[in-house]
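K.L.:
Sharing a model prediction with you, sequence too.
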Amino acid sequence: TGVVPFMALLLLQRRPVAGRALLVTGSSCPGHGLCRSNVQEQTRRQVALLNATAQDLFSLYLKCQGEPFSSESDKLCNPTGIFFPAFRVNRTSERKEVMVAMYKLFAFLNASLGNITRDQEELNPTAKELLDRLHNTTKTTRGLISNLTCLLCKNYNIFQVDVRYGESSKGKSTFKKKQQGCQVLRKYVQVIGQAARVLLPHLSPS
């Protein structure tokens, strides 16, 4: 537990560990001058892309895990009981509140994707399509986090956010690694659609 600035969080994104930082505002917001002129439109496209590809990623993941995951996904991939950032904002929420919730969500997701990718490189090293999809999703997520960081700094002078990361699968059995991955991706499919519906109107050109 501690205060972790955005820049440090960006360096820690691949670490699949639990960590927290306090949400504060201040007079020194690093990096907001690096915002691209089209940052808002780019953020819209990244969220839309993640939403459009989430279900296919989950389905491909299941296919590559084999039995019993292929036939018992409803039971084995039920995300009840795993930690996933609460997402309580909606279209009527303030824009700042939505942006902070998005940052928490995608910072968690990025770390979880790193965890899942590491496990799949070990368990399914020849599953090129799955590994490519995981790497591409991670790349998009990192770009999205960078853009959210920029927007929060530039628009609200927020440069520290309370972020909690999920449990690492290191040391777990092969079955547990596969199960944790499918639980996270199942929850991701459920949440990303809601996130897109909430965020995209807030990023629409005014």
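P.N.:
Yes, it's here.
K.L.:
For the chain, which segments count as strands?
P.N.:
For the chain, the strands identified by DSSP state E occupy 24-25, 158-160, in order along the chain.
K.L.:
ranking the ones you listed by mean pLDDT, which is last?
P.N.:
Ranked on mean pLDDT, the bottom entry among the strands of the chain is strand 24-25, at a mean of 46.
K.L.:
roughly how far apart are the residue lying closest to Q55 once chain neighbours are set aside and A54?
P.N.:
Counting by C-beta to C-beta, 6 or more residues apart in numbering, Q55 lies nearest to V189, which is 5.5 Å off, once chain neighbours are set aside. Any C-beta I mention is one placed from the backbone N, CA and C, and that applies to glycine too. Plainly put, V189 is 5 Å away from A54 if you go by C-beta to C-beta, to the nearest Å.
K.L.:
where does the protein have low pLDDT?
P.N.:
The chain contains residues with pLDDT under 70 at 1-34, 205-206.
K.L.:
how about stretch 157-164 as CSV, C-alpha atoms only?
P.N.:
The C-alpha trace of stretch 157-164 is given here as CSV (Å, rounded to 0.1, in the frame of the first residue of the first chain):
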residue,chain,number,x,y,z
ASN,A,157,-4.8,17.4,-12.7
ILE,A,158,-5.1,13.8,-11.4
PHE,A,159,-1.8,11.9,-11.5
GLN,A,160,-2.3,9.2,-8.8
VAL,A,161,-5.0,6.6,-8.7
ASP,A,162,-6.0,3.9,-6.3
VAL,A,163,-5.2,0.7,-8.3
ARG,A,164,-5.5,-2.9,-7.1
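K.L.:
Name the residues of that stretch that are buried.
P.N.:
Residues I158, F159, Q160, V161, D162, V163, R164 are the ones in stretch 157-164 that count as buried (16 or more other C-beta atoms under 10 Å).
K.L.:
ok, now stretch 139-152?
P.N.:
Residues of stretch 139-152 classed as buried under the neighbour-count rule (16+ other C-beta under 10 Å) are T140, T141, R142, L144, I145, S146, N147, L148, T149, C150, L151, L152.
K.L.:
Reformat the residues you listed into TSV and put distance to L113 next to each item.
P.N.:
Supplementary listing: those in TSV, determined by distance: C-beta to C-beta, whole Å:
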residue	distance to L113
T140	10
T141	6
R142	9
L144	12
I145	11
S146	15
N147	17
L148	16
T149	18
C150	21
L151	21
L152	21
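K.L.:
Quick check: of these, which lies closest to L109?
P.N.:
When the buried residues of stretch 139-152 are compared for distance to L109 (C-beta to C-beta), T141 wins out at 5.8 Å.
K.L.:
Contacts only, for L134.
P.N.:
If you count contacts by C-beta atoms under 8 Å, 6 or more residues apart in numbering, L134 has them with L57, L113, I116, T117, Q120.
K.L.:
Cheers, nothing more for now.
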